[in-house]
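Visitor: give me a model of this one.
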Amino acid sequence: MLRPLFAAISRTFFRGLAVVLPVAITAYVLYWLVATAEASLGPLLRAVLPGVLYFPGLGVVAGLVLVFAVGILMRIWLLRQVITLFERLLEKLPLVKTLFGSVKDLMGLFGGSERRGLDQVVWVSLADGAAQVIGFVTRDDLDGLVPPEQAGDRIAVYLPMSYQIGGFTLLVPRSAVTATELSVEEGMRFAMTAGVRSMPARD
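Guide: Below you'll find the model as predicted:
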């Protein structure tokens, strides 16, 4: 008698959690970014600017302007070379290189045209086509990864896991993948939610 009641309560709770949790996590991340920018740049701006020019939130504005300015400055060849040398130094330091390299690769994975990233969503056939899993092409060639005689006509495809951070990178024959019309964001959302989240209709 109590089991159906408990099951109903659990379903209701998790239904509410499914709504609240994504909103709460997103709000917390945004709050953390805003609070960090304000805490880091706010005191500096208060010390430099006259009191009449400072207002709460100016640190956040300054942070956004700073990031945008760095993006513009990165177009300068000489500055890019200096940043590259600095990054190479960081990548040689114990412990630092692991964290720095992981964050840099993650950012490049989703957002940079200058680095390899997830640029194509595909279906990968398994068990002679009996099953398919969604994946992301990360390398269209395997130069430098495996000997040429072993590479053949294979490509590197990343298969993310659902509801967790992680996945597998497989070297599969090009003939085993089928291109999709999904964007990277749509494909990642489909993979991370195990297909529960429906995709928007396409014209």
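Visitor: what is the helix of greatest length in the chain packed up against?
Guide: Assignment by DSSP state H gives helix 2-48 as the longest helix of the chain. Applying 3 or more Cβ pairs under 8 Å, 6 or more residues apart in numbering; DSSP states H and E, one finds that helix 2-48 contacts helix 58-73. (Glycine included, C-beta is placed from N, CA and C.)
Visitor: how does the chain divide up, domain by domain?
Guide: In terms of domains, the chain is parsed into 2-111, 121-192 (source: automatic domain parsing).
Visitor: what kind of secondary structure is L142 in?
Guide: Per DSSP: H, G, I helix; E, B strand; the rest coil, the secondary structure class of L142 is coil.
Visitor: any chance of the domains of the chain in CSV, plus mean neighbour count?
Guide: Listed next are the domains of the chain as CSV, based on neighbours: other Cβ atoms under 10 Å:
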stretch, mean neighbour count
domain 2-111, 11
domain 121-192, 14
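Visitor: in a markdown table: these, plus mean pLDDT.
Guide: Shown next, in a markdown table, are the domains of the chain (pLDDT from 0 to 100):
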| stretch | mean pLDDT |
| --- | --- |
| domain 2-111 | 78 |
| domain 121-192 | 81 |
